[in-house]
Structures are given as C-alpha cells and as structure tokens.
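**Student:** I would like to see how this sequence folds:
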Amino acid sequence: MKKLYIILFTLFSLYSYCQNKNFAVENNLIIWKLVYQDSTNISELKKNPRLEFNSDSTGYIKKTNFNDDNLREMVGEFLIESKKGKYRVSVFNIKFFVEPIGLSSGGLSMQSISEYTIEKSLLKKNGAIRETSLGYNLTETLNPHLTVHYK
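**Tutor:** Below is the predicted model of the structure:
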C-alpha cells in the first residue's frame, strides 16, 4: 500500500509540474514559439481581428482572454518569420490585467487597473519557469489559444 501512495504521489507531481514545451526563457523573458508547417500567407493572418500588425511581420495581440474564464485579459507582442512552406511565431512581452480595484478615501473614489507580466508570475530567480501546483498550469492553459490564434 505504501508503494501505491508513492507511485500516485509521483504521478500527480509529474502531471502538475509540467510546463508547455512551446514556452522558453530567453534573456529573462518568457517567449512562446511555434513553427507552423504550412504555407499560410501572413496576409491571411492580418484578417484576424485580435491581431494588430505594426509591419508585415510584427505587431501585438489586442486585449483578450480568448473567451476563457480561466485566463485574465492579456496583451502581447508577436514576431512572425516565414520560410518556404512554414512560418514561426514568437509571442513575448505578455501582460495580464487584473480587475479594477475601487479605493475610497474621504469621499474620493479611484479605480486602479493593475497589470503584471508573465515573467512576474512564472519566472524564478534562477531564470527557470516556475513549477505549478494544484493542477493549474498557465503555460498549458495559454498554449492552445496561442496555437489556434496564429493558424
């Protein structure tokens, strides 16, 4: 019975501490990268209403939570690099927004919208991505949305 508990604990630990392979740390920035093996023209991606292009290959993600209640609203920058028959998308400078907080002092009411970077949430002091707990993994939650977003 003791061995069964050890095996179950190990399996649970492995499941809850995995990060998505598309997220990596470069120069203390958490970057999401994915290579798409098709020849979708970047002009097709410009039709996506959630993307705002600054040039032919760079831009930012407009404020969204991808209609997912498990995610806070976020923005981010992207870079698209294309080669014959494939293209690579990199998303970086990801920022999440916290609901406005009402502050009241002496009849004066202020609302503050707070934002935080993905690095503040997930980056350890040693530069590695923080392990998650209790089965919630932000990289696994965010990955499918980003994957579909650029296809």
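
**Student:** the helices in this protein, which residues?
**Tutor:** Taking DSSP state H as the test, the helices found in the chain are 2-16, 42-45, 118-122, 138-149.

**Student:** Contact partners for residue 149?
**Tutor:** When contacts are counted by Cβ atoms under 8 Å, 6 or more residues apart in numbering, residue 149 touches 48, 50-51, 61, 66. Every C-beta, even on glycine, is put in place using the N, C-alpha and C of the backbone.

**Student:** one more time with 10 Å, if that's ok
**Tutor:** Counting by Cβ atoms under 10 Å, 6 or more residues apart in numbering, residue 149 touches 45, 48, 50-51, 61, 64, 66, 76, 78, 89, 91.

**Student:** do residue 129 as well
**Tutor:** 19-20, 23-25, 30, 118-119, 122-123, 138-139.

**Student:** roughly how far is the longest strand anywhere in the chain from the heart of the chain?
**Tutor:** Across the chain, the longest stretch assigned as strand under DSSP state E is strand 86-105. Using Cα atoms, centre = their mean, to the nearest Å, the mean C-alpha position of strand 86-105 is found 9 Å from that of the whole chain.

**Student:** and if you look at stretch 21-37?
**Tutor:** Mean-position distance between stretch 21-37 and its chain equals 10 Å (Cα atoms, centre = their mean).

**Student:** Stretch 53-62 now?
**Tutor:** For stretch 53-62, the separation from the chain centroid amounts to 17 Å (computed by Cα atoms, centre = their mean).

**Student:** Show me what the mean pLDDT comes to for that stretch.
**Tutor:** Stretch 53-62 shows a mean pLDDT of 94.

**Student:** Residue 117 - how many residues pack around it?
**Tutor:** Neighbours of residue 117 under the rule other Cβ atoms under 10 Å: 15.

**Student:** in stretch 51-58, what counts as buried?
**Tutor:** The neighbour-count check on stretch 51-58 (16 or more other Cβ atoms under 10 Å) flags 51, 53 as buried.

**Student:** ok, residues contacting that stretch?
**Tutor:** Outside of stretch 51-58, the residues within contact range by Cβ under 10 Å, 6+ apart are 42-43, 45-46, 59-62, 75, 77-82, 87, 89-90, 149-150.
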